[in-house]
Each structure stands twice: as C-alpha cells, then as structure tokens.
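Trainee: build me a model from this:
(4 chains)
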2 protein chains.
Amino acid sequence: MVETRDKILDSAEHLIQSRGFSAISYRDISDEVGIRKASIHYYFPTKNDLAVAVVERYRDVLAKLMAQSYDAHGSDALSMLDDYFGVYLSFQDQPERICLCGALAGDYPVLASDTQMSVDEFFLDHENWLKMVLETGESSGQFKLSGSAGEIASWILVSLQGALIVGRATNSPQKIIEVQSLLRRSLTAPSAIGGDIQDAVA
Amino acid sequence: MVETRDKILDSAEHLIQSRGFSAISYRDISDEVGIRKASIHYYFPTKNDLAVAVVERYRDVLAKLMAQSYDAHGSDALSMLDDYFGVYLSFQDQPERICLCGALAGDYPVLASDTQMSVDEFFLDHENWLKMVLETGESSGQFKLSGSAGEIASWILVSLQGALIVGRATNSPQKIIEVQSLLRRSLTAPSAIGGDIQDAVA
DNA sequence: GTCTATACAAAGATAGAC
DNA sequence: GTCTATCTTTGTATAGAC
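Mentor: Just a heads-up that it's a prediction; the model follows:
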C-alpha cells in the first residue's frame, strides 16, 4: 500500500518538474492526491519542508542508479556513460518534464537555503560520478579527454540539463539524443581518423 | 530621459532573470520603479503582456548584437563565436542572473502561448545564427565539425544555457569559461596533433 | 499618466474537531 | 491522520478621481 506521504511526494515531484516550484501550490497537490490542503501541512508543515524532502528522495534514487551502474560495469566507462544518458533519455516520453533539480535551479534564488544546498549537492553528486567515469575511461583507453575530467564532467551535466530545458521550450526532445551523440563522439574519437589525418598533420 | 515604460521593462527583465517569472509580482516591480502597481497595468494590462514585451525587447537586443558581429567580421567565424560567448561571459559579474529566456524556459508550461512562442523564437534565432557561423567556419577551414552544423549549434546553445543555470546553483560562474574553452577546442582542434597521432592511427 | 481604492481569487499556514 | 474552518497575506486586475 502506498503511503499518503509518498503520494504527496510523487505529486509534488512531477508538478515541480512540469511547472516549476514557484508556480505550484498545496491546492494543486491536494487535488491530485485527493486529500485536503491541511493534510499536506501535517506531513510537510511548510512548502520548503516539502521541497527538501522531494529533492532528497530524488537525489537518493539517482545516487542508487549511479551506484548500480558502477556495480554492474565499473570498469567499462562507456557503459556507465550510456547508463547516465539513459536517465535523460527517459524524459523523451514526458515532454512536459525536466530534471527536478534543473527545474529547481531555475528558481534557485527564491529557494530556502537548505533546499538550495540539496540542489547544489545533487549537481555535485553527478559531477563527481561523471568525473570518476571519465577518469576510468581515460585509464582504460576508452576515452580521450580534451580537458580535465572535472571540466568535461561539468560539460556533460550542463549540456544535458540545458538540452532538457531548451528542448522543452523548442519542442525538440531529440536535442537530448543529439547532445549524447556529440558528447560520445568527442570523448571516444580522438578525431583525425582516415582522411582527416592529412589535415591534422598539415 | 528614460521613459516609465522602459524602467518597467528593465525591472521586469532583471527580476525574471533573478527569480523566475512565476515568482515575481507587480508589487516587486512597482517597488523598484517607484510607481504604483496600477500604473504598471496602464502600460501592460496583464502579466502576460509584460512578459511578451520583455522577451521581444531582449530578442531584439541580442539579434542586433549578432547582426553587428556579422557586419564586423562575417568571414571570421572564430571571432563571431567569441562574440557570442561574450554574451554569456557578461553574466559573470551578475551571478544571480541567467539568460532571460533560459529563465522563462524554466516556467515554460505555465506561460501564455504568445510568450511561449517568443521564447521559442529566441532560441531558434540563436541556433540559426550559430549554424551560419559554424558553416562559415567550416568553409573557411577554421572549424572541423564532428556533426551537422545544426546539431552543433544546438549543442553550443544548450551547453551555455545549462552552464548559466547549473553554474548559478553551484556557485561556479567559471563553468561558462570552461564550457567555452571546451567548445572552442572541439571545434578548432581536429585533435590528433603531434604525439596523439600514433594513438589515432593505432 | 499616475494615483487611491477596491474587488476578487489564491496563496501558505494554523486551530481544533473528529 | 484527515477533516472543516479560518486567518492573513499576497496576487492580478479594474474603476474612477485627479
């Protein structure tokens, strides 16, 4: 049986992803869950309490996914990268939604400080994990890095977050696939293959 | 002398950039401009009217910048690209702000349809201009494209927008410089220079 | 063109019955 | 735990005087 608390979190999560934190209300959530506004306050006294809980749960889900990916193929950086891309690919059949923390980052200055901290840590989690993946791939020879692992990790993150946000506004969900393809290429192709070598040397 | 209408637009613009569209009110603007709420309604009857006007002005400013860049060095793609990067670099000394249309894209589903259209067109303007720059650079040999010009134009746009949004949330304004450096490298370096060639051939 | 005044709806939040 | 009822503030928007 699904707890009321979880239903509230589910509703809040997707409403924030779809409309943004400032634009949603206790009324929106109570309509969806089928309870009264006051009942939400029982679980989450303030809107900020709700925000923190939603982000923490979201962080955990993603952290588990990343940990599982590492367990499954911790020495295969390309597979881990593809697992990470898969998270963003899953937004394709929910074109109204973007990453929860991407959405909250849009409202960042109006969030309470503990919500800000959670969002911040979400991004750092991902950057650190991606950095590990890139270093693994560089060691194994799968990747050829054109900059520091940390910088490229950050680039991957912002590219994908940006693709979700801009892609939603331009009705182009394929942006995510395109970005993934280009990122993959720039990491795996040391370029200058075949006919290009002459140009590179010249 | 600065018109009241322009003061309102100035205030609305930076408030949206800083806090997001849903989070700002006529009161916020009236406080800043020093007039009454009702006076804002004289110029912009509805909040949506205000949003459209702010976006249209912003679009025009950027379109003029891009046109000027083309006039100044229409055959030097690298200079045009650096001009474009300069727009995003200018956010470094205003760390609370992001691109107006990046901010509005975060609220996209709750915007009225004509505001949505303007935001959409803003992004298309930039993609098209970047595509032209990339094609120019490819023709002249300045750039070596690892995908279609359109795809890479989109990638540049989403990378920079993402860098602004995530960079604000992680207090890392240097993300913008890092992304620019990596983008520039991936466009200008056919990689495999010097010692790397052996690896590429192997 | 800017103001005061106000209408009306919606917001977050709390008290207290059940 | 969930409800009804209510408080208080804030929001968008309008009417009409000056």
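Trainee: hey, let's count contacts and neighbours off CA atoms from now on
Mentor: Will do.
Trainee: and residue A:65, how many neighbours?
Mentor: Neighbour count for residue A:65, taken as other C-alpha atoms under 10 Å in any protein chain shown: 15.
Trainee: roughly how far apart are it and chain B?
Mentor: Residue A:65 sits 21 Å away from chain B, going by C-alpha to the nearest C-alpha, to the nearest Å.
Trainee: cool, and residue A:77?
Mentor: Counting by C-alpha to the nearest C-alpha - residue A:77 and chain B are separated by 19 Å.
Trainee: and the residue nearest to that residue when sequence neighbours are not counted, helix, strand or coil?
Mentor: Nearest residue to residue A:77, sequence neighbours excluded (C-alpha to C-alpha, 6 or more residues apart in numbering or on different chains): residue A:137, at 4.8 Å. Of the three states, residue A:137 takes helix under DSSP: H, G, I helix; E, B strand; the rest coil.
Trainee: count the neighbours of residue A:137 for me.
Mentor: Around residue A:137 there are 23 residues (other C-alpha under 10 Å).
Trainee: near DNA strand D, which residues of chain A are found?
Mentor: With C-alpha under 7 Å from any atom of the strand as the criterion, chain A comes near DNA strand D at residues A:4-5, A:34-39, A:42.
Trainee: go with 6 Å
Mentor: A:4, A:35-36, A:38-39, A:42 (C-alpha under 6 Å from any atom of the strand).
Trainee: next to DNA strand C in this structure, residues from chain A, please.
Mentor: So far as C-alpha under 6 Å from any atom of the strand goes, chain A lies against DNA strand C at A:24-27, A:38, A:41, A:45-47.
Trainee: of those, which belong to strands?
Mentor: The strands, defined by DSSP state E, take in nothing from those.
Trainee: where does chain A dip in pLDDT?
Mentor: A:190-202 (pLDDT under 70).
Trainee: what's the residue nearest to residue A:77 in contact with, if anything?
Mentor: Residue A:137 is in contact with A:75-78, A:143, counting by C-alpha atoms under 8 Å, 6 or more residues apart in numbering or on different chains.
Trainee: got it, and residue A:23?
Mentor: Per C-alpha under 8 Å, 6+ apart, neighbours of residue A:23: A:16, B:22-23, B:107, B:110.
Trainee: helix, strand, or coil at residue A:98?
Mentor: Residue A:98 ends up coil, using three-state DSSP.
Trainee: near residue A:168, how many other residues are there?
Mentor: 24.
Trainee: what's the helix or strand for it?
Mentor: Residue A:168 belongs to helix A:149-169 when elements are defined using DSSP states H and E.
Trainee: which strands and helices lie in contact with the following helix or strand past that helix?
Mentor: Using DSSP H and E, the helix or strand that directly follows helix A:149-169 along the chain is helix A:174-188. If you count contacts as 3 or more C-alpha pairs under 8 Å, 6 or more residues apart in numbering or on different chains; DSSP states H and E, helix A:174-188 packs onto helix A:77-89, helix A:149-169, helix B:149-169.
Trainee: out of those helices, nearest to residue B:179?
Mentor: Each of these has some distance to residue B:179 by C-alpha to C-alpha; the shortest is helix A:149-169, at 6.0 Å.
Trainee: what is the closest one packed up against?
Mentor: By 3+ C-alpha pairs under 8 Å, 6+ apart, helix A:149-169 packs against helix A:113-140, helix A:174-188, helix B:100-106, helix B:113-140, helix B:149-169, helix B:174-188.
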